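**Q** here are the coordinates; sequence isn't available:
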Ligand code: ADP
């Protein structure tokens, strides 16, 4: 690829916690990969949310479930998203919307990012109706009580969830 072509690449960033990645996220990733030259899935290195999976684990799972998508890459960020975007030469944020509740929060987030950098645009993708109820929190609720999550997350994630809660049970944690 020439420098000129690289300058005109359409790069989108899909940020989130992905704790862990679900079929809902994966659906948004697949659809974005069709619309953009490159999609960077950016995992938030959040200390405040007390995630179940470490940053490295979340990134590894995302990489595993997107191996068939050559224009998707996995990265992470810890400070302002708009700063991360600049460093990647990207101007488009992708977010998924499941409900009116998502919309209110997302509108606030998108407006803030636009205020910080007016070149940044947020593009919303409507959830696949199959996954409109699906969230990482719901998956964790079910998995911690040994419920079946195979319709909600890819097999690699299911295995990791089992191992994680097994490890916690053995360690006497909760
Ligand atoms: P965050 O903590 O930033 O909300 P998440 O990992 O929960 O991170 O979600 C990342 C993005 O994916 C958000 O835009 C969220 O609305 C979207 N998303 C999550 N689950 C689904 C789903 N089932 N369908 C569509 N979008 C989803």
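**A** Received the coordinates, thanks. Here the structure is a predicted model, which is why all the values come from computation and not from measurement. Numbers count the residues shown, from 1 in each chain.

**Q** which element follows the helix or strand of the chain with the lowest mean pLDDT toward the C-terminus?
**A** None of the helices or strands of the chain scores lower by mean pLDDT, DSSP states H and E than helix 3-7, at a mean of 71. In the C-terminal direction, the helix or strand that comes right after helix 3-7 (DSSP states H and E) is strand 11-16.

**Q** related to what we said a few turns ago, for the least confident helix or strand of the chain, buried residues please.
**A** Of the residues in helix 3-7, none count as buried by neighbour count, 16 or more other Cβ atoms under 10 Å. C-betas here are computed from N, CA, C, even on glycine.

**Q** Over to stretch 36-47?
**A** Using 16+ other Cβ under 10 Å as the test for burial, stretch 36-47 gives 36, 38-44.

**Q** Likewise for stretch 20-35?
**A** 20-29, 32-33.

**Q** How about the residues of the protein by the ligand?
**A** 16-18, 24-25, 28, 95-96, 98, 102, 127, 131, 134-136 (Cβ under 6 Å from any ligand atom).

**Q** Kindly recompute the last result at 8 Å.
**A** By the rule Cβ under 8 Å from any ligand atom, the part of the chain lying against the ligand is 14-19, 21-25, 27-28, 44, 46, 49, 94-98, 102, 105-106, 125-128, 131-137.

**Q** Inside strands: which ones of these?
**A** In this view, those that belong to strands under DSSP state E are 14-16, 44, 94-97, 125-126.

**Q** Check those and tell me the two furthest apart.
**A** For these, the maximum inter-member distance is 22.2 Å, found between 44 and 126 (Cβ to Cβ).

**Q** Report the buried members of the ones in strands among the residues of the chain next to the ligand.
**A** Among those, the ones that count as buried by 16+ other Cβ under 10 Å are 14-16, 44, 94-97, 125.
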